[in-house]
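S.K.: Okay, predicted coordinates and the sequence, questions at the end:
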Amino acid sequence: MTLILTQAQLQAIHLHLEKAYPEESAGFLLGTDGEPRYVQHILPIQNARPDSRHNRYLIEPLDYLHAEDLAARWKMSLLGVFHSHPDHPNIPSEYDREWAQPFFSYVIVSVENGKATSTRCWRLDENRQQFLEETIQIEQEVA
């Protein structure tokens, strides 16, 4: 399992998540499904959670519908979600597992003291029991 991002996409993800610090933030990954998966567009969103924003994020249903609509119009797939773990390792939490979908790639960025320090990607197994790490490959441009 491999997710391919461009350096510019990774920088944009990091910037969005750093701006939200010390709160969590998130966004969507749109692109081409297969093996590997190619991210062609990122869609940053605002954390809609009213409380516990330092360790939780919430995606509004309308944001999700907007992402699905854009993916369909651009003939892409909604590949997954990226989000931050402020001052915490970028390992999925139990809360992340409870809300995750098996198909999605979950890019988690550790943001320490306002700076993105580490990026990892995960996919939930079909039984919804555990996350499996997905390789992130950085390229100059997506084909």
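M.R.: Cool, got the structure. Residues are numbered from 1 along each chain as shown.

S.K.: Strands along the chain, start to end?
M.R.: Taking DSSP state E to define them, one finds strands in the chain at 2-6, 26-32, 37-45, 77-86, 105-112, 115-124, 131-139.

S.K.: Which strands border the fifth one, and is each parallel or antiparallel?
M.R.: Here strand 105-112 is paired, per DSSP bridges, with strand 77-86 (parallel), strand 115-124 (antiparallel).

S.K.: same check, this time on the last one
M.R.: Counting by DSSP bridges, the strands paired with strand 131-139 are strand 2-6 (parallel), strand 115-124 (antiparallel).

S.K.: separation between the most centrally placed residue in the chain and Tyr106?
M.R.: The residue lying closest to the centre of the chain (CA atoms, centre = their mean) is Phe82, at 1.3 Å. Phe82 sits 8 Å away from Tyr106, going by CB to CB, to the nearest Å. Heads up, the C-betas are built off the backbone N, CA and C, glycines and all.
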